[in-house]
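Peer 1: no FASTA, just this:
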């Protein structure tokens, strides 16, 4: 769905409603990597107020989606600063997962099954992955979520996080590695 920026700047309520409907799930997914769902909903409301108030300042140097996501992330960062929440996670050891050339040491296997037990395990694994994303360092969680859930480009993520594209690649790589370690553990033990 293409959003007409000119209509937005003229405060067209139907166009703004379409934008909200289009962006709401993406914002919820990104903000839930930083805060609980209730806080994410409040931050999204604050984000929409700011977006509406600041539409005239949107310079179209990036996509409207990138601009709004940046506003939402800034709102969340402000809340976290206010709450004085600081997360620290030890860096992952990547040496066992990759060979000397940077390729997978052991290729990933394909998952294909539709029996009830496997479907239950898929749901449990999905919940475990969501939980694990919430435990990642903030920028890793955001980068993985924007890339893998929302399909954003490295440049868009780079603009949102205000880091270099190569740094985004590192964040995504480390975040995915932690997720894969959790998946491996889940497959072995059945526990998150």
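Peer 2: Done, it's in. These numbers were taken from a predicted model, which means no experiment stands behind them. Residues are numbered from 1 along each chain as shown.
Peer 1: make it CA atoms for all contacts and neighbour counts henceforth
Peer 2: Fine.
Peer 1: what sits against the residue most central in space within the chain?
Peer 2: Averaging the C-alpha coordinates of the chain gives a centre point, and the residue nearest to it by CA atoms, centre = their mean is residue 145 (2.4 Å). Under the criterion of CA atoms under 8 Å, 6 or more residues apart in numbering, the contact list for residue 145 reads 29-30, 33.
Peer 1: most neighbours out of those, which is it?
Peer 2: The most crowded member of the contacts of residue 145, judged by other CA atoms under 10 Å, is residue 33 (26 neighbours).
Peer 1: what about it, distance to residue 147?
Peer 2: Using CA to CA, to the nearest Å, residue 33 is found at 13 Å from residue 147.
Peer 1: ok, now residue 10?
Peer 2: Distance check for residue 10 against residue 147: by CA to CA, it reads 31 Å.
Peer 1: give me the more crowded residue out of these two.
Peer 2: residue 147 (18 against 11).
Peer 1: what's the burial count for the closest residue to the more buried one other than its chain neighbours?
Peer 2: Of all residues not flanking residue 147 in the chain, residue 153 sits nearest, at 6.7 Å (CA to CA, 6 or more residues apart in numbering). If you count neighbours by other CA under 10 Å, residue 153 ends up with 12.
Peer 1: now swap in residue 124 and tell me
Peer 2: A count of neighbours around residue 124, defined by other CA under 10 Å, yields 16.
Peer 1: pLDDT (mean, whole number) over the longest helix seen in the chain?
Peer 2: Selection of the longest helix in the chain by residue count, based on DSSP state H, yields helix 165-189. The average of the pLDDT scores along helix 165-189 is 86.
Peer 1: just want the angle from the helix or strand of the chain with the lowest mean pLDDT to helix 165-189.
Peer 2: For the chain, counting by mean pLDDT, DSSP states H and E, helix 116-135 ranks last in confidence among helices and strands (a mean of 74). Relative orientation of helix 116-135 with respect to helix 165-189: 140 degrees, computed using axes from the mean of the first three to the mean of the last three CA atoms, to 10 degrees.
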